[in-house]
Each structure stands twice: as C-alpha cells, then as structure tokens.
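Q: sequence and computational prediction follow.
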Amino acid sequence: MNYVAHNPVESIVHALFRPTGVGGVYARTALFEQVIDGLSALISRYRQPDTEIFRFPPIMSRAQVEKSGYLKSFPHLLGCVSCLHGTEPEIRKVVETSGAGKEWIGALRATDLVLAPAACYPIYPMVAARGVVPAGGLRFDVACDCFRHESSYELGRFQSFRMREYVCVGTPDEVMDFRERWKIRAIELAERLALPHQTTAASDPFFGRAGKMMAVSQVEQELKFELLIPINSAENPTACMSFNYHQGHFGETWGIEAATGGVAHTACVAFGMDRLALALFATHGIALENWPQPAKEALSI
Ligand code: ATP
Ligand code: ZN
Ligand code: MG
C-alpha cells in the first residue's frame, strides 16, 4: 500500500529517510543516495588540477581537535568517543549490574578520539609535518561523516551528516583567490542544478556570550560566506555550502610556513552533501523524471 502523506515535507521525508529512533539520525533511501552519488561526482568534476584527495574516518584525534581551538569555540557541538576501560572482571561487573539504571554510562571514560565535527581539521597537522608550503600553495579534496550535537532537528539539521571540502593552504593572496573563485563557481553549480540561492556573509555558531562577539567580528571581516537554498521555507533558507577564510589561525596553531616566509593562511569551501541533496528534492520534488533536464544531466540521472 502506498504511504499517504499529510503534507509535502512529510512525503519528502518518507521518500528519503527512515527514522532510527534518535532525532537527527536517519537511514537514507536508495533515492536519496542516488542523488548524493550524482552530487559527489559533479563536485569532483569541479576539482582543480594538483588537488590531493583524502577521505577521513568519522572519528579523529581528540588532541588535534583540542589544539585546533574547536573546544573553545564549539564545546556544545562536540561529541567524544567514550569506552569502558579496565580489566575483564571490572568491565563485566559494570555491564552485568546494568539494569534499567544506567550504571555502565557512569563508568564510561573518554578515549583519545572525538567524532569529526568537520572534514578539514586533520589536514592542517598533515601539512605542517611536510615543512614549508611550496610556491603556489597546496589544495586538498577531503570528506568525512561529521557529528554535531545540534540543539534542534529541523529538516536539514542532522546530528550525523556528510561534509565534502576543498581546502587551500598558501599565502594570503593565494588563499583569498581560491575562496573568491569558489564563491563564483558555487553559484554556477547552483544554477546548473536550478536551485534558488543567495550568498551572504555569515558566522559560525560560536558558544556563549564571548562567542556572540566573535560571530559579529567574523561577519564584519567577511571571513565566512554561506550559499543558502530553501529547504524548510523560502524565508529561512538553509546553508548548503560555506566559504571560510581562517586567515593565519591554522597556520599559527600548527606552525605552517608559507613559501614567501611568514605564517601560511588557509581557506576551505564546504559542501553539506545531505543538505544539497535535500535542497534538490525540496525544489524539484521526489520524482526524478520531472527534474529539469540540465540538473538531471549534471547529476547523471
Ligand atoms: P549552520 O549555519 O546550519 O549552523 P554551520 O555554519 O555550522 O551550519 P559549517 O560549519 O560551515 O556549517 O559546515 C559546512 C556545511 O556543512 C554547512 O554549510 C552545511 O551545509 C553543512 N552542515 C553543517 N551542520 C550541519 C548539520 N547539522 N546537518 C547537515 N548539514 C550540516
Ligand atoms: Zn573546513
Ligand atoms: Mg552557519
């Protein structure tokens, strides 16, 4: 029997996702994954030559995330991997006495891993280990499944989602040029896919009162832009891509030296894969055959 949806959002959700018992975490259907695959291949076709590719696991070094400053700026979003430590009898005691009470939860201790909150963090220490950045800078194509402890789960805000990024490390000019070119290329991409879009200066979801000031200064300095596409509503479009200029933050943190001397600067352009796919379905509907022909071609549908 066919599922009868009560409203358009509900019918999209049912065609694309199944619940897993936890908010913001979904099983994805073949229909959704077909579009994710098309988007991944399309983004790869936009890759500049001389770009090195890495695919990271969904977990990363806790020490690296701490050193990167993530814990200071976004402690509310970070998830840490915790396990039961100790001898076999000690672990058995904890799990065997665990009934409805959650004794085993209290016995958990942090490991040296966190859940990756973004795809580009592991790149900077890798680059630092290679020594001075060559003239012309370095470009990377990275991706991983990310986790964020979000405080709401509206459509498009997942706890677990896929992020793809192009990253540039080099002189301030090289890095700014990279980001500006990507802002233009992203608009081309959205137009090819017939997605309504706008690009605006934005800020990261910094923690606390001091964070509000950091957010204001980030917008003023135009360090972050977002490409917004309607998913839930036209009035409140959703950030599906971001264009981030970190200045010398990662260069200083990890001791990365630019070819011209001085601290290397970095920038990244991030594609929220699940949001981009969702934006396509929200705009063009769930029947792929009815999608605009250029979008179908771009996605090999
Ligand atoms: P938002 O403005 O929605 O809070 P953000 O500014 O924190 O997102 P970035 O840190 O720039 O997002 O992450 C890069 C991209 O990853 C975003 O542009 C978005 O497409 C995607 N993304 C971020 N958080 C989520 C999430 N909770 N669920 C799905 N996609 C996400
Ligand atoms: Zn990044
Ligand atoms: Mg944002």
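A: Noted; the coordinates are in hand. Ligands and ions are numbered 1, 2, ... in the order given.
Q: mind telling me what element Met163 is part of?
A: Element membership for Met163 (DSSP states H and E) is strand 160-170.
Q: quick one: secondary structure of whichever residue of the stretch 101-250 of the chain sits closest to ligand 2?
A: Among all residues of the stretch 101-250 of the chain, Cys120 sits closest to ligand 2, at 3.2 Å; criterion: C-beta to the ion. Every residue, glycine included, has its C-beta placed from N, CA and C. Recorded secondary structure, Cys120: coil (DSSP: H, G, I helix; E, B strand; the rest coil).
Q: number of residues surrounding it?
A: Neighbour count of Cys120, defined by other C-beta atoms under 10 Å: 26.
Q: Asp50 touches Arg139, doesn't it?
A: Yes. With contacts counted by C-beta atoms under 8 Å, Asp50 reaches Arg139, the gap being 6.2 Å.
Q: which one of those two has more residues nearby?
A: When Asp50 and Arg139 are compared for neighbours, Arg139 comes out ahead with 18 against 9, by other C-beta under 10 Å.
Q: can you pull the phi/psi pair for the residue nearest to that one when sequence neighbours are not counted?
A: In this structure, Arg139 finds its nearest non-sequential neighbour in Thr51, 4.3 Å apart by C-beta to C-beta, 6 or more residues apart in numbering. Thr51 adopts backbone torsions of phi -110, psi 130, taken as degrees, to the nearest 10.
Q: give me the neighbour count for Thr51.
A: Neighbours of Thr51 (other C-beta under 10 Å): 15.
Q: I figured it hits Cys168, correct?
A: No. The pair Thr51 / Cys168 is not scored as a contact, 9.3 Å apart, by C-beta under 8 Å.
Q: and for the two, which residues touch both?
A: Contact criterion C-beta atoms under 8 Å, 6 or more residues apart in numbering; residues shared by Thr51 and Cys168: 139-140.
Q: any idea how far the residue of the stretch 101-250 of the chain closest to ligand 2 is from Ala282?
A: Distance, Cys120 to Ala282, using C-beta to C-beta, to the nearest Å: 27 Å.
Q: may I see the buried residues of stretch 134-149?
A: The neighbour-count check on stretch 134-149 (16 or more other C-beta atoms under 10 Å) flags 137-148 as buried.
Q: for stretch 9-25, same thing?
A: Buried residues in stretch 9-25 (16+ other C-beta under 10 Å): 12-13, 15-17, 24.
Q: with stretch 32-41 instead?
A: Result for stretch 32-41 [16+ other C-beta under 10 Å]: buried residues 32, 35-36, 38-40.
Q: so can I have a markdown table of those residues showing pLDDT?
A: Output for the buried residues of stretch 32-41, formatted as a markdown table (pLDDT from 0 to 100):
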| residue | pLDDT |
| --- | --- |
| Phe32 | 98 |
| Val35 | 98 |
| Ile36 | 98 |
| Gly38 | 98 |
| Leu39 | 98 |
| Ser40 | 98 |
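Q: looking at the buried residues of stretch 9-25, which are in helices?
A: 12-13, 15-16 (DSSP state H).
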